[in-house]
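Novice: can you look at this prediction? I've put the sequence above it.
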Amino acid sequence: MRALAALLVLCASSCELFQPPAATPPSPWAELEAAQFGGLRNVSKCGAVWFGGGITGPDVELAYRRGVRNILDLGFPDEEPDFDLGRACFEHGIDLYDLGLLGAEALTDRNADEALDLFRDEDHHPLLVVCGTGSNSATFFALWRALDHQMPLEEAIEEARRAGMRPGPLEAFIRAQHERISRAES
């Protein structure tokens with residue numbers, strides 16, 4: 001009888017020792033989803049914000065059908081689409097915001113502030129953010145994630161890399177802007 005009692009105690013204590021790990025709590029930021037959006041490349045979606053690269057005329061029509069009424073163009077001069085994006089947006093009643101970016105080394109505080117204003121203003125959602133390849137779109141998206149979604153900066157940068165951001169000056173831009181804006185907001 002003692003042997004059976006000891007065995008039961010041993011089994012009970014063993015069960016306590018081998019409990020499955022506790023489930024990790026969900027992250028406080030919204031999940032980034034790989035997505036499809038017509039002919040766009042490197043497309044991701046988070047909530048009501050889509051971003052990617054290589055917009056075409058049919059993509060503007062698709063944006064309209066999906067309820068997008070605002071497009072943020074973050075392309076560099078050498079990434080101009082092969083159609084008149086402004087005219088296509090006008091024809092579909094979509095507001096186009098072109099920040100006039102000049103290059104990765106020429107990004108400014110104003111560029112960051114203007115892009116963040118659009119990301120943050122839910123009256124502009126759903127929002128489609130585009131550039132030539134998806135790299136610039138992912139860059140500004142990462143900055144927004146780190147600042148407004150409380151995502152750790154390095155995780156936001158890694159997420160942007162996976163979404164198509166090129167390394168180098170764009171990463172440095174995110175870090176510098178994150179520091180500048182975080183300091184100003186504290």
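Specialist: Received the coordinates, thanks.

Novice: contacts only, for the residue nearest the centre of the chain.
Specialist: Taking C-alpha atoms, centre = their mean, the centroid of the chain lies closest to F141, which sits 3.8 Å from it. Applying C-beta atoms under 8 Å, 6 or more residues apart in numbering to F141 gives the contacts S44, C46, V49, F51, F119, V129, A160, A163. C-betas here are computed from N, CA, C, even on glycine.

Novice: now those residues as CSV including secondary structure, distance to E61 and pLDDT?
Specialist: As requested, the contacts of F141 are arranged in CSV below (DSSP: H, G, I helix; E, B strand; the rest coil; distance: C-beta to C-beta, whole Å; pLDDT from 0 to 100):
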residue, secondary structure, distance to E61, pLDDT
S44, strand, 21, 92
C46, strand, 23, 91
V49, strand, 19, 94
F51, strand, 18, 94
F119, helix, 24, 96
V129, strand, 18, 97
A160, helix, 28, 95
A163, coil, 24, 92
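
Novice: now the two most distant members of those residues.
Specialist: Using C-beta to C-beta, the two most remote members of these are F119 and A163, lying 14.7 Å apart.

Novice: quick one: name whatever helix or strand follows the least confident helix or strand in the chain by mean pLDDT.
Specialist: Across the helices and strands of the chain, mean confidence by mean pLDDT, DSSP states H and E is lowest for helix 2-17: a mean of 56. Beyond helix 2-17 in the direction of the C-terminus, DSSP states H and E gives the next helix or strand as strand 33-34.
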